[in-house]
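**Student:** this one's structure only:
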């Protein structure tokens, strides 16, 4: 299956079971929301999970674009992305957790063709406040899927306070040997889908009270699912990133981690610009600025003559189309090149700064912190400017 077929298979499955397909929301939460970007599929639906009636009914399905910066330093490995898409289904006070698990199993087995023997699940084993999730445990045993019980790993919450509850995580075997071990003992079990039984509200004192309307919230990362279904070990080998690797590899001579970082950061930057964000010193604009400048820092490490003006317009257009965003490629390229120009000016000032006697020797961590916090010079870029190898 290619990515579009996987998407249609997911949404069609739930539409056939009475779910209304709703449009995924923007990356930008409403002004009253303290977070900078939408970080999960359920984020825009929080009021409805807390009991407010949804205008489209009690059964929903959607595809939501999300952005997370918590793993930004991990980008460049095989799995981490900054902008990604979440496949989600919801029951707002309608069917219960066992039905959600049965449908999830049916979709993976029959819709995506995943062999029964390549599935493993985990369920909440109980803690001092809440007993074990025996309902989910019994459902999986009826389906014949092996189960492992955990504690913290199978309790979902939206933060220190708010809706929460036990969850059941579904893992697929991604190894090149017959399945072995369990999700907590062998990393080749890859988590692809989380089914949350939203039953409680956690208060500031840590106590729990039952929600007036128990709901079901499921979330599955599209890119991770595509990676597994297409038989790859890296998301960057999937059809989602095929245009990026095909066009960037001959354009800039980069090692594999650098190529992945550029593909992720430029793709994410295009999406954020498409949302109307502009580079700035604070807030959302700073996230975009950081993405662009990390891209340029990596791009210039071995060849300072490289420029984002070489970025193929096809990649900008492909990304805007992938995330269903209006606007043309010219505007995105203008924003990227303007930020490159600003960063170039910063580097010129940085070179003059680093020519001072204070910075002629080996720099300390305090020096790097000062250069970054006061002058906006990333550590890697300072090292490059000084001609150091680390």
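**Tutor:** Sure, I can see it. Everything numeric here is computed off the predicted structure, so don't read it as measured data.
**Student:** element containing residue 149, please.
**Tutor:** strand 147-150 (DSSP states H and E).
**Student:** sheet partners, orientation included, of that strand?
**Tutor:** Paired strands of strand 147-150, with direction, are strand 119-124 (parallel) (DSSP bridges).
**Student:** who's in contact with the partner strand?
**Tutor:** By CB atoms under 8 Å, 6 or more residues apart in numbering, the surrounding residues in contact with strand 119-124 are 105, 108-109, 130, 132-133, 136-137, 140, 145-151, 153-155, 166-173, 179, 182-184, 189. Yep, even glycine has a C-beta here, placed from its N, CA and C like the rest.
**Student:** same thing with stretch 249-265?
**Tutor:** Here stretch 249-265 makes contact (CB under 8 Å, 6+ apart) with 75-77, 80-83, 234, 236, 241, 244-245, 248, 291-292, 294-295, 298-299, 301-303, 306, 310, 312.
**Student:** and it, how far out from the chain's middle?
**Tutor:** Centre-to-centre, stretch 249-265 and its host chain are 19 Å apart (CA atoms, centre = their mean, to the nearest Å).
**Student:** what comes up buried for that stretch?
**Tutor:** Buried positions in stretch 249-265, judged by neighbour count with 16 or more other CB atoms under 10 Å: 252, 254, 258, 259, 260, 261, 262, 263, 264, 265.
**Student:** among the residues you listed, which are in helices?
**Tutor:** Taking DSSP state H, the ones among those that sit in helices are 258, 259, 260, 261, 262, 263, 264, 265.
**Student:** so where do the helices sit in the stretch 201-350 of the chain?
**Tutor:** Secondary structure of the stretch 201-350 of the chain (DSSP state H, counting those that start in this stretch): helices at 222-229, 242-251, 256-274, 283-300, 313-322, 329-354.
**Student:** ok, the stretch 1-150 of the chain next?
**Tutor:** Using DSSP H, counting those that start in this stretch, the helices found in the stretch 1-150 of the chain span residues 3-15, 46-49, 97-106, 134-143.
**Student:** re the thing from before, which one of the helices of the stretch 201-350 of the chain has the most crowded surroundings?
**Tutor:** Greatest average neighbour count among the helices of the stretch 201-350 of the chain goes to helix 256-274 (a mean of 23), per mean count of other CB atoms under 10 Å.
**Student:** report the mean per-residue pLDDT for that helix.
**Tutor:** The pLDDT scores in helix 256-274 average 95.
**Student:** kindly report the same for stretch 372-390.
**Tutor:** Averaging pLDDT along stretch 372-390 yields 72.
**Student:** what residues does it touch?
**Tutor:** Residues from elsewhere that reach stretch 372-390 (CB under 8 Å, 6+ apart): 293-294, 297-298, 300-301, 346-347, 349-351, 353-354, 359, 363, 368, 371.
**Student:** what's the most buried one of the helices of the stretch 1-150 of the chain?
**Tutor:** It is helix 97-106: most buried of these by mean count of other CB under 10 Å, with a mean of 20.
**Student:** now the residue nearest the centre of the chain: how far from residue 270?
**Tutor:** Centroid-nearest residue in the chain: residue 84, 4.4 Å away (criterion: CA atoms, centre = their mean). Look at residue 84 and residue 270: by CB to CB, to the nearest Å, they are 14 Å apart.
**Student:** ok so, going back, just give me the lowest mean pLDDT stretch among the helices of the stretch 1-150 of the chain.
**Tutor:** helix 46-49 (a mean of 87).
**Student:** and residue 264, how far from residue 383?
**Tutor:** Residue 264 sits at a distance of 22 Å from residue 383 (criterion: CB to CB).
**Student:** same question, residue 315
**Tutor:** To residue 383, residue 315 is 29 Å away according to CB to CB.
**Student:** kindly report the same for residue 371.
**Tutor:** Distance from residue 371 to residue 383, by CB to CB: 11 Å.
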